[in-house]
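Enquirer: Provided below for reference: sequence and predicted model.
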Amino acid sequence: MTDAPVQVIRIRKDGSIFGLGSDLLDNLKQLGKAQVERVSEVDFNPETGNWEAISNGVKIAEDPIRSVAIRMEQEYFRQKIQSGELGKL
């Protein structure tokens with residue numbers, strides 16, 4: 001994995017924008033009001049000593065280093081978006 005943030009932006013047929021959150025979205029404010037929905041949480045599990053990304057009750061990423069768990073979480077959703085499973089165009 002690289003250190004660059006994972007960025008996925010899609011423009012739907014109706015003109016709305018769907019993407020994986022990152023600081024890049026701050027640059028899109030001039031396009032209109034943003035609606036942001038969290039699809040997962042990253043929390044520390046003291047029993048395992050790992051950071052875990054949980055989405056809808058399912059563990060999607062886990063690592064002892066928080067930044068690695070977040071990167072894995074981003075990659076998970078990037079694949080879901082690119083495959084069309086999330087954010088239907």
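Expert: On my side now, so go ahead. Numbering: from 1, shown residues only.
Enquirer: Tell me the helices and strands packed up against the host helix or strand of residue 78.
Expert: Residue 78 is part of helix 66-83, with elements assigned from DSSP states H and E. Helices and strands touching helix 66-83, by 3 or more Cβ pairs under 8 Å, 6 or more residues apart in numbering; DSSP states H and E, are strand 8-11, strand 17-20, strand 41-45, strand 50-55, strand 58-63. The way it works is simple: take the backbone N, C-alpha and C, and place the C-beta from them, glycine included.
Enquirer: now the third one against strand 50-55, angle please.
Expert: In other words, strand 41-45. Orientation of strand 41-45 against strand 50-55 (axes from the mean of the first three to the mean of the last three Cα atoms, to 10 degrees) gives an angle of 150 degrees.
Enquirer: what angle sits between strand 41-45 and strand 58-63?
Expert: Between the axes of strand 41-45 and strand 58-63, defined by the same axes, to 10 degrees, the angle is 60 degrees.
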